[in-house]
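Enquirer: With the input below, show me the fold.
(chains A and B)
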Amino acid sequence: MISAFFIFNQKGEVLISRLYRTDLKRSIADVFRIQVVSNSDVRSPIITLGSTSFFHVRVNNLYVVAVTKCNANAALVFEYCYRFIAIAKSYFGKVDEESVKNNFVLIYELIDEINDFGYPQNSEIDTLKTYITTESVMSTNVAAEESSKITTQATGATSWRRNDVKYKKNEAFVDVVETVNLSMSAKGTVLRADVDGHILMRAYLSGTPECKFGLNDKLVIDKSEKGSLGDAVELDDCRFHQCVRLDEFDSSRTISFVPPDGEFELMTYRSTSNVKLPLRVIPTVTEIGTTSVSYVVTVKTNFNNKLSATNVVIRIPTPLNTTTVDCKAPNGKAKYVPAENVVVWKIPRIQGGQEVTLSGTAQLTSTTHRQAWARPPIDVDFQVLMFTSSGLIVRFLKVFEKSNYHSIKWVRYLTKASGSYQVRF
Amino acid sequence: MSTFRGPPRKGENYELSADLNSEYQSKRKDAIKRVIANMTVQKDVSGLFPDVLKNMQTDDLEQKKLVYLYLMNYAKTQPELVILAVNTFVKDTDDPNPLVRALAIRTMGCLRAEKIIDYLCDPLQKCLRDENPYVRKTAALCVAKLYDLKPDLVIENGFLETLQEMIADSNPMVVANTVAALTDIHEAAVANGSSVEIFIVTNAVLNKLLIALNECSEWGRVAILNALSRYETSDERESEHICERVVPQFQHANASVVLAAVKVIMIHLRGVRSDNLVKQMIRKMAPPLVTLLSNPPEVQWVALRDINLLLQKRPDILSSEMRVFFCKYNDPLYVKVEKLDIMVRLAGENNVDALLSELKEYASEVDVDFVRRSIKAIGQTAIKIDEAAERCVNVLLDLINTRVSYVVQEAVVVMKDVFRKYPSTYEGVIPTLCANLDELDEPEAKASLIWIIGEYANKIDNADELLGIFVETFTEESYPVQLQTLTAVVKLYLRKPDSSQGLVQRVLNTATKDCDSPDVRDRAYIYWRLLSTDPGAAKSVVQAHRPTISLPRTTVSPALLEELISEISTLASIYHKPAETFVGRGRVGADSIPRKGTDLEEDQNTARKAIQTVAAGQQSENLLNFDDPTSDEQQPSGLAATQVLSATPAAANLLSGTSSNPLDDLVSIFGSTGLSNGVAPGQPQGGLGAGLGGLSFGAPISPAPPMTPSVLQAATPAPTQLTHQQPPPPQQAASEDLLGLF
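Expert: All right, here's what the predicted structure looks like:
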């Protein structure tokens, strides 16, 4: 399995180096630096040289690298790298060169705990935080009892939850966050529209609560079996946090679980049918000779007028040889960003049922380069609160606990797009 | 803390040493941190060993961990001093705090100093039976560490038996780590040539694993699923049972768990005969596979490579899901390329229009490599779906009209394959292609266009002019282009003998006299002789009927495919190569360890290698292919290759292990080549010779050499042998002779 774990900065300097197995030398880091960091043409996240394989993941100019010498499980190695990044984020905010340097002792402690002899171990953030802390722990007799409890819990059947959680007010927040992926052709037909949904939960519940969760969903395994669904939403697939009892879901479709304390992602799902597109973008882009391009981009909102889309950012690509762009946007602000060859049009808020239009002209310089403009797609980012593209609704969340306390539940819906809502023109 | 990484100061180690011995606890701890920081950037701090060691005895867990980290790194270099630490370690394994006990046993396993190992066994024995599961799970892995260092000790102390018992542990995490340790030991033992099966998944073990599966952590599930995939079921009911128990894991959030479950199911489905259940399982597999595409790009890539394999095994698995594989503009290149391949695999009549408009879109993107692959994909679609061929050709024409150099060149290469699949269907395109002659500067594109001109010489009025351009510059062209020019001119001559006699003489002359490639020379000589002795035979050879090309459904042999499916989500399945090809066991090990044990298999491996080399040689050398028509007998190879495959039928046979005698297969390869020439076959080897008009060329070929090197050499000595067999006149005279015949 994983023989070594490294973190490099952008220059290829080693920030963290930990060998888990003895089939490698520390100097293997130099090989990675030469082959990957200083190589501008790396076209694969895994590089195998001889019998040594380097798996790398990039995050904020850092390389998180795992090295193996065997026929390793690649999915597991990458999942592990991303888990490390998630843990690091939760411990010290953001993962960049400075934070890694400032927290290297903690990182060593963490990577020793979540990996032993190359095999990933318990990596539940919530549990880790109970015994790996930023303050130093003294090993006294009192601590011994405490850690005995922690360790039993860390290895137990509900390794994600302490059993002595107590809250004055028992609350659970459910956030349904949907990311819409769209690609629309230049003719306005939808090539692909799907929803990646995440159900995030913040549980502040005492004791060991048993939760049951219900949605207006219908999991469609075979598309040909479509019947009348009523208002049920078709989900193509769903995945659950490890606290959910998968065997129960498989047999009776009930989602039951003992939640971790605090914030976690209960479930992710995917839906491709009846996706409601909250924003409709209608671009008209004409190249006038070789000297200019005219733009008319209209954005229509396609939901109830009590709701509104916020933080709308529309990125309209311009040809590479653009000199200036003159554009008029009655709503929001539009600005040409030469470094990225796009006009960025920001609208803080659009009410439902409204329509806004930008018009403009890009002036081009003459070039010797005669290749046609590739016309990358227009990209739209936005957020719509209390709206789900898939139509999913939380039907119930029941909490059962021995002490039978009353709990308050909150549900929020959010539909957003970031970087994957693309309209070609 | 960032100051720890400041520039090196003079005598830093001296300073550190002083601080490590400071009377203040905090100062000592800071010093240890600085030592670790130096260690990370590969500065030598091994000299501080005794000073660091003094700080080991502490109640501060963090400091203890740091000292341990240092020890793990330098224990090997200071074996004498490590012994001083043993006492503390052994004492720590008795600490009331389970975290300290686990830490001590974890670290001791990593020290790797001979001296300390003997002291490890007793505490390990104790920790394996510790009341705390956290200590037990750590101890379980420690056995694997010990085995890695000194296998004998593990066996002597009966640790293996203890581990076997621990599979029944009440704690799922302990079970998972035990399974991981046993698998690790098992693999190490197999790699070292041990014949004893250390970890056999028996029926009793199976049931315990299935129970633990639903309770343990995600990583533990992967370990357990791996073990399940090794279980050999005794009957169908058992296979079904395993599949049913594993299926819920498809819904897990961790992609490696999902892929491990896919692997187990694919393996155990082999034992399931009920079609209904198989269908049901395959149906349940599709949505999770698609969901894997919402992971980070690296994980997506792993999933895509595996989906590619699964589609080769079961093409129907994702038949209605092509749209999810459409590339996003900001996908990394490696993801896009894989998606392209899968889209072509999923293409069918019902979705081909959507696919083509996507591919056309991709062909206008920025990355040259991706654009080329997209165009290639259009060609593959044309070959795969007859009904859509015309639409594909229209898209290709649109692309050629963009006049972007690399787009045009790739489109020409692809058009050639379309012509091969649908002969004389799209001749209307030829003028457009020829109009772009000046654009071409890559050998493959040039060779393709020349092939098209030669093939349709009788339909192109100015074919002689066009080919004349290439004959002019013959010596400056690369060899593939030369070979193709040669063949095309001969085809032209056979079709329009009146107008092109001069051209054919010029090209044969240049090729035999001024060319330094033996291949080109040989081919020119053969044509020359053919034309001069029997133009009729020449016609039947050069214009022979060619079998049509098709898109191979698999890119690996069936046996290898099965093997790779059993390895899903590992590197082997990602590279689509068996693990042996990239995992060696050190320098000595690679050749000294008999692979997979039995002699028979060894033989097959050698044979397989020999055939592969021959096949590769054939492709590159065109050994027995006097003209590319014959090379069409195999998969698209040589000049016409769109894909490199080890795919002579005989080679595939051998790869799948059905034949063990390389000689048989060599003969059959040659035999089939001879047949496709349309020449009276006779003896398999003799057939070729006969076809060549009694040039007694049979001699250099017939010894169908069993060993690769000699086969490859056969290409080179051929010309000399030829002249020897001719009556005395030396080479020069011989060619004059032939010229006279014209």
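Enquirer: need the next SSE after whichever strand or helix holds residue B:140, C-terminal direction.
Expert: If you go by DSSP states H and E, residue B:140 is part of helix B:133-149. Counting by DSSP H and E, the next helix or strand C-terminal to helix B:133-149 is helix B:151-156.
Enquirer: Tell me which residues of the helix or strand just after that next one come out buried.
Expert: For helix B:151-156, the following helix or strand on the C-terminal side (DSSP H and E) is helix B:159-166. Within helix B:159-166, the residues that qualify as buried by neighbour count (16 or more other CB atoms under 10 Å in any protein chain shown) are B:159-160, B:162-164, B:166. From N, CA and C alone the C-beta is placed, and that goes for glycine too.
Enquirer: And for stretch A:182-199?
Expert: In stretch A:182-199, counting by 16+ other CB under 10 Å, buried: A:182-185, A:191-199.
Enquirer: one step back: is chain A contacted by the helix holding residue B:140?
Expert: Yes. Using CB under 8 Å from any CB of the partner chain, helix B:133-149 reaches chain A at B:133-135, B:137-138, B:141, B:144-145, B:148.
Enquirer: Give me the angle between that helix and helix B:159-166.
Expert: 150 degrees (axes from the mean of the first three to the mean of the last three CA atoms, to 10 degrees).
Enquirer: now the buried residues of helix B:159-166 in a markdown table, with distance to residue A:358 and pLDDT?
Expert: As requested, these are arranged in a markdown table below (distance: CB to CB, whole Å; pLDDT from 0 to 100):
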| residue | distance to residue A:358 | pLDDT |
| --- | --- | --- |
| B:159 | 72 | 91 |
| B:160 | 72 | 91 |
| B:162 | 72 | 92 |
| B:163 | 68 | 92 |
| B:164 | 71 | 91 |
| B:166 | 67 | 92 |
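Enquirer: Chain A: which of these is nearest?
Expert: residue B:166 (13.0 Å; CB to the nearest CB).
Enquirer: Report the contact partners of the closest one.
Expert: When contacts are counted by CB atoms under 8 Å, 6 or more residues apart in numbering or on different chains, residue B:166 touches B:128, B:136, B:140, B:174-175, B:178.
Enquirer: Around chain A, which positions in the stretch 401-550 of chain B sit nearby?
Expert: Checking the stretch 401-550 of chain B against chain A by CB under 8 Å from any CB, the hits are B:402-404.
Enquirer: Residue A:293 sits in which helix or strand?
Expert: Counting by DSSP H and E, residue A:293 is found in strand A:292-301.
Enquirer: So the closest residue to residue A:27 other than its chain neighbours, which state does it fall into?
Expert: Counting by CB to CB, 6 or more residues apart in numbering or on different chains, residue A:27 lies nearest to residue B:42, which is 7.6 Å off, once chain neighbours are set aside. Of the three states, residue B:42 takes coil according to DSSP: H, G, I helix; E, B strand; the rest coil.
Enquirer: Export only the CA atoms of the helix holding residue B:140, formatted as CSV.
Expert: Taking C-alpha atoms only, helix B:133-149 is exported to CSV below (Å, rounded to 0.1, in the frame of the first residue of the first chain):
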residue,chain,number,x,y,z
PRO,B,133,-9.7,-2.5,20.6
TYR,B,134,-7.6,0.5,19.5
VAL,B,135,-4.4,-1.2,20.8
ARG,B,136,-5.4,-4.5,19.2
LYS,B,137,-6.0,-3.0,15.8
THR,B,138,-2.6,-1.3,16.0
ALA,B,139,-0.9,-4.5,17.1
ALA,B,140,-2.5,-6.4,14.3
LEU,B,141,-0.7,-4.2,11.7
CYS,B,142,2.5,-4.5,13.8
VAL,B,143,2.6,-8.2,13.0
ALA,B,144,2.7,-7.3,9.3
LYS,B,145,5.6,-4.9,10.0
LEU,B,146,7.4,-7.6,11.9
TYR,B,147,6.9,-10.1,9.0
ASP,B,148,8.3,-7.6,6.6
LEU,B,149,11.5,-7.4,8.8
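Enquirer: Many thanks, I have nothing further to ask.
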